[in-house]
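Asks: Next come a sequence and a model predicted from it.
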Amino acid sequence: MSIALLWSLVVLLMLVGLAGTVLPVLPGTALIFAGAWLGAWIDGYERVGVYTVVVLGVMAVLAWALDYLAGLMGARRVGASPQALVGAAIGTVAGLLAGFVGVLFMPFVGAAAGEYLARRDEQRAMQVGLATGLGLLLGMVAKVAIAFAMVGLFVVAWLV
């Protein structure tokens, strides 16, 4: 396989990875990491060393964890019931199957439904649902920031 084709694959992986930070079907930061690792390997880890690849791997894991925990942390912050946390988790999984809009709204719906089933208080259920939604939104913003930081770190390591 030619070097130009391999570098094209690096760029493609990183671009698809950036898109994957907001699209639910694609593992965004994992694809960025794969592209960075391939780029480091192509050059024999001369410009982008093993230490940088490890840092990028840690960043990818951190972004993945934020993606799954952000909504739950938002719900927990307002004192959500265990049923609300389970509802948020179920809503997150259901949202992944429903596309981008589902990812944004299903955890909110799941948390609100779980809280309502636990306490039969509509106002409290809405508070928990909104806190879950805000947590997810903040988690997505953090994930996008980490993804751009990963690409930036790779580019800087390559250029310096």
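Replies: Cool, the structure landed. Residues are numbered from 1 along each chain as shown.
Asks: so where's this structure uncertain?
Replies: Scanning the chain for pLDDT under 70 picks out 24, 100.
Asks: Longest helix in it, please.
Replies: helix 122-159 (DSSP state H).
Asks: So which bits of that helix are buried?
Replies: Neighbour-count burial for helix 122-159 flags 124-125, 127-136, 139-140, 143-144, 146-147, 150-151, 153-154, 157-158 (criterion: 16 or more other C-beta atoms under 10 Å). Backbone N, C-alpha and C define where each C-beta goes, glycine included.
Asks: cool, and stretch 76-83?
Replies: For stretch 76-83, a neighbour-count test (16+ other C-beta under 10 Å) marks 76, 78, 80-81, 83 as buried.
Asks: again with stretch 7-22
Replies: Buried residues in stretch 7-22, counting neighbours by 16+ other C-beta under 10 Å, are found at 9-10, 13-14, 16-18, 20-21.
Asks: Out of the residues you listed, flag the one nearest to residue 42.
Replies: residue 10 (7.2 Å; C-beta to C-beta).
Asks: that older thread, in the buried residues of stretch 7-22, find the pair that's most separated.
Replies: The most widely separated members of the buried residues of stretch 7-22, counting by C-beta to C-beta, are 9 and 21 (19.1 Å).
Asks: What backbone torsions are found at residue 44?
Replies: Backbone torsions of residue 44, given as degrees, to the nearest 10, read phi 70, psi 30.
Asks: Pick out the residue nearest the middle of the protein.
Replies: Geometric centre of the chain, nearest residue: residue 67, 3.8 Å, by C-alpha atoms, centre = their mean.
Asks: helices and strands around the helix or strand in which residue 112 is found, which ones?
Replies: Using DSSP states H and E, residue 112 sits in helix 100-119. With contacts taken as 3 or more C-beta pairs under 8 Å, 6 or more residues apart in numbering; DSSP states H and E, helix 100-119 sits against helix 50-77, helix 82-98, helix 122-159.
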